[in-house]
Every structure is written in C-alpha cells, then in structure tokens.
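Engineer: mind looking at a prediction? Sequence and model below.
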Amino acid sequence: ISHDDAVTITTTNGSVDVTATTDITLNALNGVIIPQGQPGQGALKYANAYNSIGDLPTAATYHGMIGHVHEEGAWFGAHAGGWYKMGRMSDATYVGEEIRFSTTIDSGVSSFKYMGETTNATQTQIYVGNASNYSTPGGGQPSSHGLAGNKASVSEYELYITALRTNSTAAGDAATKSWKFLFSAWRDAYGNSGILGTVTKTIIGEHGLSTGYDVTVDISSGIPRVRVTGTASHNVRWHGKLDETFTTSNTDTDASYNLSTNKWNCAEGSTFIISLATVNVAASTNVAYTIT
C-alpha cells in the first residue's frame, strides 16, 4: 500500500479498515491481487459507482474496467478507447451469438431494434436505435457485421414493425397496425447489393383509423431500409425488431505485389485500387504511376 499522505489502518472485531484522504494504490507488481473470502459472504465487496458517463475515467487508460453509472442505471465497460453499456437487455439494440466458420466473424445471428415517429402522411425512414448514425460495438447497422475490408455476404431477415397512434382523444380515433416481413439479401465485394427474390409482406393485424398506415422494405447500400407512412394529423410511434442470420465470404487480407511471381496477392472476392498518376505526361511516352 502506497500513499503520499497518512494512511490509517484500524481493526474492529476482526475487520480491517484502510482509510486515506485521496487515492490508495495497490500494486502487486508481477503478481496478482487475490481477495479471499468465505463462501456465501463474498470475496470482494465494493462500490464502483459514478454519477454520470462524463465522470468515468479515461477508457484507454483503464481498458477492461467496469463501473456503474447512476444516471444511466447500468454498468459500463471500457474497451478500445470507449465506454460501452453492459447488462441491460431491456434497451438492447444489438444481441447476437457469433457462430463462425473460422476465427473471424464470418457468420452469425443478430437482432436490431428499429424506432421512429411520424406526424403526417409523408414516407419516412426509421432506423436502428432511432438514429441514422447509430453505432454499436458489434458493428452498428444491420449487415455491417463489424468487419473491415470488402467481402461478399448473404443474409436472411425476419422483420416485425408495429405502429401506434399516440394523440387519439377518443376510442373511435385510436389506431394501431402490425406487419411481418421475410426476405433475403446479397452483397458482393464491390459495393453492389439487392434483394434475393421478393419481400414477403404480411399484415398481422390492424385496429381503428390505421388504414392509411404502410411500411416498405428494401436494400440500400447493402443495409435493410425501412420506410413508414402514417396519416395526416396522426402522431405515430413506430418500432420493430429485425432478426438477421448472415454469412460472409473469405477473410480479407491486404493486397500486395509479389516480385518473384509478378502477380498480385489478393484474396478472392476482395478489391483494391490502383491509381495512375498521368499529370504532365505527353502522349506516346512511358507513363509513371503510383500504386496506392
């Protein structure tokens, strides 16, 4: 135990209390600090609590640390320079068991929660986490899978969307409606994507003044796009759950040129860019180029 100020150690009925006015550092050097305790009584009892997210220490310095944030009512863990919420399934937007062909994340299952609101009959896109730029440690929006590089992939989806009017004033003007969608999508390694076959759309049920409510689903930039339409003067909350099963192609590697074989080393299905610099070069002459 080290400290710049006085450290008070007291014992009461077999208990030992260590008291200081500021931080206390326990350093096991090359060893491990192992708290000992009796079964059922807890080996280590402590309060590692912070009022707000801003009170948490620097995540990069304390990688692997966990702490409770009182205002959020949740635990947070430090990883890769950031703090991530843990352990609250009630508001989870990404849940998945990554079952893989190899050591990389090349196949798995994921669930995403869509949210959004409308106040008129204008078609409106809704998003995972109610934000177009919503991001999670697992990779963010559906079909990103948290993977770097260009890869082909295929996904099967089951999507449920429900609409609820929130400004009804009488039983006669209430409105709610629910849909189910089944579809599959493909993506190649070159930025192209689309629906496999057609989207199966089923109205599960509807109630009240919801006849004009509608939902469409397609693929945009490789990601499922959910667009909803309400009714004029209706304040409508939309939510939905998307379950995805996906598989990707090979593990991506950086492209390189092999001087002994005069060939490019690049994984099948991957892409790379060759930029030719031809500024101020006359026609019919050798052209200098740079590979980036």
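Structural biologist: Cool, got the structure. Numbering: from 1, shown residues only.

Engineer: any regions of the stretch 151-292 of the chain where pLDDT drops low?
Structural biologist: In the predicted model, the stretch 151-292 of the chain carries pLDDT under 70 at residues 250-257, 264-292.

Engineer: let's go with 90 and repeat that
Structural biologist: Scanning the stretch 151-292 of the chain for pLDDT under 90 picks out 151-153, 171-172, 187-193, 220-223, 244-292.

Engineer: now do the helices in it.
Structural biologist: Counting by DSSP state H, counting those that start in this stretch, the stretch 151-292 of the chain has no helices at all.

Engineer: now the strands for it?
Structural biologist: 153-165, 175-187, 193-208, 214-220, 223-229, 236-248, 256-258, 263-265 (DSSP state E, counting those that start in this stretch).

Engineer: now the second one against strand 223-229, angle please.
Structural biologist: Translated: strand 175-187. 160 degrees (axes from the mean of the first three to the mean of the last three C-alpha atoms, to 10 degrees).

Engineer: would you mark the buried spots in strand 175-187?
Structural biologist: Ala175, Thr176, Lys177, Ser178, Trp179, Phe181, Phe183, Ala185, Arg187 (16 or more other C-beta atoms under 10 Å). (Each C-beta comes from the backbone N, C-alpha and C, glycine too.)

Engineer: separation between the closest residue to Ile203 other than its chain neighbours and Leu44?
Structural biologist: Excluding its sequence neighbours, the residue lying closest to Ile203 (C-beta to C-beta, 6 or more residues apart in numbering) is Trp179, at 5.8 Å. For Trp179, the distance to Leu44 (C-beta to C-beta, to the nearest Å) stands at 50 Å.

Engineer: what's the answer for Ile66, then?
Structural biologist: Ile66 is 13 Å from Leu44, by C-beta to C-beta.

Engineer: who has more neighbours, the two?
Structural biologist: Each of Ile66 and Leu44 has its neighbours counted (other C-beta atoms under 10 Å); Ile66 has more, 13 against 9.

Engineer: so what pairs up with the nearest residue to the more buried one once chain neighbours are set aside in the strands?
Structural biologist: Using C-beta to C-beta, 6+ apart and skipping residues adjacent in sequence, the residue nearest Ile66 is Gly77, 4.8 Å away. When bridges are called by DSSP bridges, Gly77 pairs up with Ile66, Tyr84.

Engineer: for Gly77, what are its contacts?
Structural biologist: Gly77 makes contact with Gly64, Met65, Ile66, Trp83, Tyr84, Met86, according to C-beta atoms under 8 Å, 6 or more residues apart in numbering.

Engineer: which of these tops the neighbour count?
Structural biologist: Trp83 (19 neighbours).

Engineer: so that residue versus Ala47, what's the distance?
Structural biologist: 18 Å.

Engineer: repeat for Asn120
Structural biologist: Per C-beta to C-beta, Asn120 is found 49 Å from Ala47.

Engineer: which one of those two has more residues nearby?
Structural biologist: A count of neighbours by other C-beta under 10 Å puts Asn120 above the other of Asn120 and Ala47, at 13 against 5.

Engineer: Thr248 contacts Asp188, correct?
Structural biologist: No. The criterion here is C-beta atoms under 8 Å, and Thr248 misses it with Asp188 at 11.4 Å.

Engineer: list the residues that contact both of the two?
Structural biologist: In contact with both Thr248 and Asp188: Ala152, using C-beta under 8 Å, 6+ apart.

Engineer: which one's more surrounded, those two?
Structural biologist: Thr248 (25 against 16).

Engineer: can you tell me which of the buried residues of strand 175-187 is nearest Ala163?
Structural biologist: Nearest to Ala163 among the buried residues of strand 175-187: Lys177, at 4.9 Å, using C-beta to C-beta.

Engineer: burial measure for the nearest residue to Ser184 once chain neighbours are set aside, as a count.
Structural biologist: Spatial nearest neighbour of Ser184, excluding adjacent residues (C-beta to C-beta, 6+ apart): Leu196 at 4.0 Å. Using other C-beta under 10 Å, Leu196 is surrounded by 13 other residues.
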